[in-house]
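*Asks:* Give me coordinates for this.
(2 chains)
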There are 2 protein chains.
Amino acid sequence: MQLIDGKAIAAQIKLELAEEVTQIVENGGKIPHLAAILVGHDGGSETYVASKVRACEEIGFHSTLIRYDDNVTEKELLCKIIELNNNHDVDGFIVQLPLPKHISEQKVIETIDYRKDVDGFHPVNVGRMSIGLPCFVSATPAGIIELLKRYNIETSGKRCTVLGRSNIVGKPVATLLMQKSNPGNCTVTVCHSLTKNIEEYCRQADIIIAALGSPGFLRGNMVKEGAVVIDVGTSRILSDKTKSGYKLCGDVNFEEVAPKCSYITPVPGGVGPMTIVSLMKNNLLAGKKIIYQ
Amino acid sequence: MQLIDGKAIAAQIKLELAEEVTQIVENGGKIPHLAAILVGHDGGSETYVASKVRACEEIGFHSTLIRYDDNVTEKELLCKIIELNNNHDVDGFIVQLPLPKHISEQKVIETIDYRKDVDGFHPVNVGRMSIGLPCFVSATPAGIIELLKRYNIETSGKRCTVLGRSNIVGKPVATLLMQKSNPGNCTVTVCHSLTKNIEEYCRQADIIIAALGSPGFLRGNMVKEGAVVIDVGTSRILSDKTKSGYKLCGDVNFEEVAPKCSYITPVPGGVGPMTIVSLMKNNLLAGKKIIYQ
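*Replies:* Numbers count the residues shown, from 1 in each chain, chains lettered A, B, ... in the order given. Predicted coordinates:
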């Protein structure tokens, strides 16, 4: 069993990105600039945004954090988005989700100029990904693909079971893994809450992407010998053993599953760190105007 | 075994659409207008476009057919598209594919205003469909969903095998069938040229969508008793028994497969006629400005 060390790979990619930024500066180019909008004070969101800002600093990006209280109006938020769309210094930006209920997340997403949508949530980016065109691929699916690539894990012709059909992980990672590409060319099955015999699909899979948000869902008896298991779960569970008072818990029962795997990602330290560097990669692409002019 | 009579359902839907047009006229509204651009003289394209124009006439839509020779420049074609985008009388339009090699199909598709893209090929429509938002769903997948709906075929929790991963059938129909919707909620597996043991995925399926473009691919021994089989294949095969000199051939060996099925579509007369009425439905939605303002 080999542990897929997302933290180490992410650190490596950050170095590569920092190197690119250095070269851009040496060539007199513009330093990529990522902006983030954070509404309210949700604990998870605070942590994620802080990590993103820190990653910008490590890589050498400019970053701007824009904060609003929970009671910001939708209109005010949309105006800020339009301002960022028109701000030539900002290459890409994100609005950290979830948002308060009085604000339409979909309206927010669709107001972002798709050419600056480094989260890859805008329909243009989702559609282009599905079609197989260059685009900003959303960070978690992109991070998973990058891990498979960096570990040279064979995907062509492999049986892949995706657990979960969310818009931000399940559906896009399924699409990416079935494309004519490398990684890709998998035979993908997408399972969800209404799937019957979900255990069977897991046991038959060469590659399992677990993105249900159901802590410890995947048990040892549901995995075949030699499987590759990617755990995308990040449920926050109360814990008296950590400073913060909670711990991250994946969808995989690691103790049971790991011994049977050829490769497995831990939680934390697997997919999570990759998500942030994938966002950074998208922002570098945005800065270099490689995907869109 | 029940035959899914796409021709009859399509005729029924045309009547429903014609009724809606009559009501629009009675209420002093604008008659929906569909335009089609046809480049060159490909036999298949000529037939398809002629059927679309005829369907417009039957339903009471206005239609405009714009023809170009094979040697039209990309620029000229794109200018016409922009003209149609700005023509307030045209509610929706299509550019019949395939196009000559010197013209980028993707550029053509992306130049069409997504609010008039009744073929549903623009990334905005593809992305919105994937996310589960209102959009123009491309005609063939929409036609398949409509057939399942009209025959009250249960899909929730069913095992569905999609053969083929094309952008116009395989991937979108897989996406639609896995959504939280009815029809939908299937456990979908997408098979393709690199799938190993494709027969096994077929034999396990409650519902098979065959969209490989491989005449007679699905044999009797690859289908379980009681399966629902939707044949999307439309290969043109030379024949001395028809006036035109060719016949349409599906992906399913009908004689072998039909006796085992609970429901099956024939070729011709199954999915084909539904494709055209789905396009008409999209154009009615475009005319009524229901999806986009």
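
*Asks:* can you pull out the strands in chain A?
*Replies:* Along chain A, the segments classed as strands by DSSP state E run A:2-3, A:33-39, A:62-68, A:92-95, A:159-163, A:187-191, A:207-210, A:227-231, A:235-238, A:246-249, A:261-264.

*Asks:* Which secondary structure elements does whichever helix in chain A runs longest sit against?
*Replies:* Determined from DSSP state H, the single longest helix within chain A is helix A:6-26. On a contact count with 3 or more C-beta pairs under 8 Å, 6 or more residues apart in numbering or on different chains; DSSP states H and E, helix A:6-26 meets helix A:43-59, helix A:139-150, helix A:271-288. In this view, the C-beta of every residue, glycine as well, is placed from N, C-alpha and C.

*Asks:* cutoff 6 Å now
*Replies:* If you count contacts as 3 or more C-beta pairs under 6 Å, 6 or more residues apart in numbering or on different chains; DSSP states H and E, helix A:6-26 packs onto helix A:43-59, helix A:271-288.

*Asks:* what's the angle from the longest one to strand A:33-39?
*Replies:* Going back to what we said before, that points to helix A:271-288. Here helix A:271-288 runs at an angle of 130 degrees relative to strand A:33-39 (axes from the mean of the first three to the mean of the last three C-alpha atoms, to 10 degrees).

*Asks:* gap between the residue nearest to A:R115 when sequence neighbours are not counted and chain B?
*Replies:* Taking C-beta to C-beta, 6 or more residues apart in numbering or on different chains, and ignoring the residues beside it in sequence, A:R115 has A:Y292 as its nearest neighbour in space, at 4.0 Å. Distance of A:Y292 to chain B, given as C-beta to the nearest C-beta, to the nearest Å: 11 Å.

*Asks:* separation between A:Y292 and B:N167?
*Replies:* According to C-beta to C-beta, to the nearest Å, A:Y292 and B:N167 sit 20 Å apart.

*Asks:* Out of the strands of chain A, which is closest to B:T265?
*Replies:* B:T265 lies closest, by C-beta to C-beta, to one member of the strands of chain A: strand A:187-191, at 23.5 Å.

*Asks:* about what we covered before: right, and the residue nearest to A:R115 touches A:D113 too?
*Replies:* No - look at A:Y292 against A:D113 with C-beta atoms under 6 Å: they stay out of range, at 9.0 Å.

*Asks:* circling back: tally of neighbours for the residue nearest to A:R115?
*Replies:* Around A:Y292 there are 17 other residues, counting by other C-beta atoms under 10 Å in any protein chain shown.

*Asks:* Run through the residues of the stretch 51-200 of chain A sitting next to chain B.
*Replies:* Residues of the stretch 51-200 of chain A lying close to chain B (C-beta under 6 Å from any C-beta of the partner chain) are A:123-124, A:126-128, A:130-131, A:156-157, A:165, A:167, A:178, A:185, A:187-191, A:194-196.

*Asks:* Just the buried ones from the residues you listed?
*Replies:* Neighbour-count burial (16 or more other C-beta atoms under 10 Å in any protein chain shown) is assigned, among those, to A:123-124, A:126-128, A:130-131, A:165, A:178, A:185, A:187-191, A:194-195.
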